[in-house]
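Novice: sequence first, predicted model second:
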Amino acid sequence: MRARSVLRIGRRDLVLAAALLALASACTAGAGAPDSGSPAPAVTPSDAAPRMPEPVGPLAGLTWPAGSVPENVLLHDDGRRLWAVPLQGTPELLWEHPPARVYLIAAGPGGHQLAYSVELPARRARDPSYVLYLLDRDGSVKTVDVTYEWRSIESPVFLQPPTDLDGPVRLYWIRMGQEISRETGRLDSQVMVLGDEGPLPVELTLRHEEAPFAIHGYPGSWLFHLALFRRSDVPTRLEILEVIDWAHGPEYEASLSEWGRLDSPINTDIYTGVAWLSPLEYVVPIAQRMYPDTYTLRLFRFNCEYYGSHVVYEGTRIDWGYAEQPWPLLPGGPDRVLVLLAEDVERVAAGEAEGAPWYAVDIATGRFTRTHAWWTPPGELLGWWTFVQPPAEMDPPTTGPDCSDLTWTYP
């Protein structure tokens with residue numbers, strides 16, 4: 001859909017609706033609300049020792065065919081089956097499992113590990129509402145996190161901790177609730193990381209009314225983005241920041257469970273996310289909801305942000321990715337991104353089509369190419385998509401990149 005709604009289907013409806021209700025809560029909070037420009041800690045980590053939760057949910061204790069996931073393909077789980085979907089060719093069935101409301105999936109470097117966020121049939125606040133599974137490289141399915149009080153598990157992603165470039169790749173995610181704090185104006189959300197003994201909260205310092213909303217990065221990379229949801233939509237509802245703790249020495253206070261430095265802000269009202277094409281290049285959809293005709297796909301390159309970004313596409317052909325039919329902006333290799341067309345998604349929403357083709361957009365030329373991959377909207381068992389990328393084998397840069405091969409404009 002275009003800019004007619006900012007709500008998502010199912011759980012995404014509830015999360016965004018609750019966040020947008022912060023506008024109403026601002027009226028009731030009155031002058032007692034804190035100054036929005038004053039910094040305050042976003043989270044307070046628990047003093048309890050981390051531990052893995054007890055296995056729970058439909059996939060607990062299963063095994064999966066580790067090593068069967070190919071690189072450079074789409075992965076789609078329809079709630080019963082995991083498919084490898086090439087951009088050209090026929091889908092391949094990888095795994096059948098018991099029925100599960102598969103909310104989100106993410107692939108680790110090379111597809112050796114997967115993460116599943118699965119919705120559970122909670123009836124009361126004390127019932128588990130979501131479970132996060134790690135489909136590990138040894139074929140086991142581990143229960144990593146379980147949420148209660150209607151909280152969801154959002155944005156799983158495999159990243160290199162920016163403060164430990166020689167350590168193992170870690171699984172990060174966000175616990176998301178529906179409440180808005182009257183003291184800080186923040187959405188109830190908490191960044192988490194899987195430590196050696198269990199899940200750990202990640203501490204970060206944000207301004208009032210800002211809350212973690214999504215994490216985006218190239219699988220296994222030490223450079224990644226944190227998208228913030230803010231109560232005020234001036235200039236936009238989302239702000240996207242790079243986490244750059246890797247660039248600072250040991251005197252800078254940051255660790256596995258603390259992010260200290262956020263930089264290079266990008267503003268947008270598009271919720272489809274950031275597509276990282278390589279460990280140093282990423283594409284961001286940028287638009288302001290009051291001006292839907294200004295939608296652009298923009299390529300950014302690390303350390304070339306000073307020059308701005310390269311316009312990949314500008315127009316109204318691409319769906320905005322929220323409303324009744326959510327979908328993620330995905331890489332399609334190192335030189336293209338995968339999108340859905342607005343007219344196709346509108347037909348699906350109207351019940352005139354059961355799905356839509358993924359289109360690949362060439363980064364250099366902006367050309368659209370229809371792929372053989374067929375997107376279907378979330379159903380009774382939900383279902384989600386991700387793209388499998390090769391491992392990120394790269395040391396931090398010691399020299400500036402070449403920024404002369406593209407045309408850069410603001411922002």
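Specialist: Okay, I see it. Numbers count the residues shown, from 1 in each chain.

Novice: how much space is there between residue 375 and residue 242?
Specialist: According to C-beta to C-beta, to the nearest Å, residue 375 and residue 242 sit 29 Å apart. Any C-beta I mention is one placed from the backbone N, CA and C, and that applies to glycine too.

Novice: correct me, but residue 307 touches residue 403?
Specialist: Yes. Between residue 307 and residue 403 there is a contact under C-beta atoms under 8 Å: 5.6 Å.

Novice: mind listing the strands for the stretch 301-411 of the chain?
Specialist: Ranges of strands within the stretch 301-411 of the chain are 310-314, 330-331, 336-339, 356-362, 368-375, 384-387, based on DSSP state E, counting those that start in this stretch.

Novice: okay, and the beta partners of residue 118?
Specialist: For residue 118, the beta-bridge partners under DSSP bridges are residue 102, residue 131.

Novice: was I right about it contacting residue 59?
Specialist: Yes. Counting by C-beta under 8 Å, residue 118 does reach residue 59; the two are 6.6 Å apart.

Novice: between those two, what contacts are shared?
Specialist: 100, 131, 133 (C-beta atoms under 8 Å, 6 or more residues apart in numbering).

Novice: who's in contact with the second one?
Specialist: With contact taken as C-beta under 8 Å, 6+ apart, residue 131 is in contact with 56, 57, 59, 60, 117, 118, 120, 143, 145, 146, 147, 153.

Novice: could you check the pLDDT of residue 204?
Specialist: Looking at residue 204, its pLDDT reads 89.

Novice: for it, which non-adjacent residue is spatially closest?
Specialist: Excluding the flanking residues, the one nearest residue 204 by C-beta to C-beta, 6 or more residues apart in numbering is residue 259, at 4.5 Å.

Novice: same check, this time on residue 361
Specialist: residue 337 (5.3 Å).

Novice: list the beta-bridge partners for the one you found.
Specialist: Applying DSSP bridges, one finds that residue 337 bridges with residue 331, residue 361.

Novice: need the contact list for residue 243.
Specialist: 162, 223, 224, 225, 226, 259, 261, 262 are the contacts of residue 243 under C-beta under 8 Å, 6+ apart.

Novice: closest to residue 320 among those residues?
Specialist: residue 225 (19.0 Å; C-beta to C-beta).

Novice: what helix or strand is the closest one located in?
Specialist: Element membership for residue 225 (DSSP states H and E) is strand 224-230.

Novice: just the strands in the stretch 1-150 of the chain please.
Specialist: 39-41, 74-77, 81-85, 92-96, 101-107, 114-119, 130-135, 141-147.

Novice: with distance to residue 216 added, can I get the ones you listed in CSV?
Specialist: Output for the strands of the stretch 1-150 of the chain, formatted as CSV (distance: least, C-beta to C-beta, whole Å):
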stretch, distance to residue 216
strand 39-41, 23
strand 74-77, 17
strand 81-85, 21
strand 92-96, 25
strand 101-107, 11
strand 114-119, 14
strand 130-135, 17
strand 141-147, 19
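
Novice: what's the residue lying closest to residue 345 once chain neighbours are set aside sitting at in phi/psi?
Specialist: Once flanking residues are discounted, residue 345 sits nearest to residue 319: 4.3 Å by C-beta to C-beta, 6+ apart. Main-chain torsions, residue 319, degrees, to the nearest 10: phi -70, psi 150.

Novice: name all residues that make contact with residue 319.
Specialist: Applying C-beta under 8 Å, 6+ apart to residue 319 gives the contacts 1, 2, 325, 327, 339, 340, 341, 342, 344, 345, 346.

Novice: residue 59 versus that one, what's the distance?
Specialist: Taking C-beta to C-beta, one finds residue 319 at 30 Å from residue 59.

Novice: thinking again about what came up before, which of the contacts of residue 131 lies closest to residue 274?
Specialist: Of the contacts of residue 131, the one sitting nearest to residue 274 (C-beta to C-beta) turns out to be residue 117, at 18.3 Å.

Novice: surely the closest one is in contact with residue 132?
Specialist: Yes. The criterion here is C-beta under 8 Å, and residue 117 meets it with residue 132 at 5.5 Å.

Novice: okay then, goodbye and thanks.
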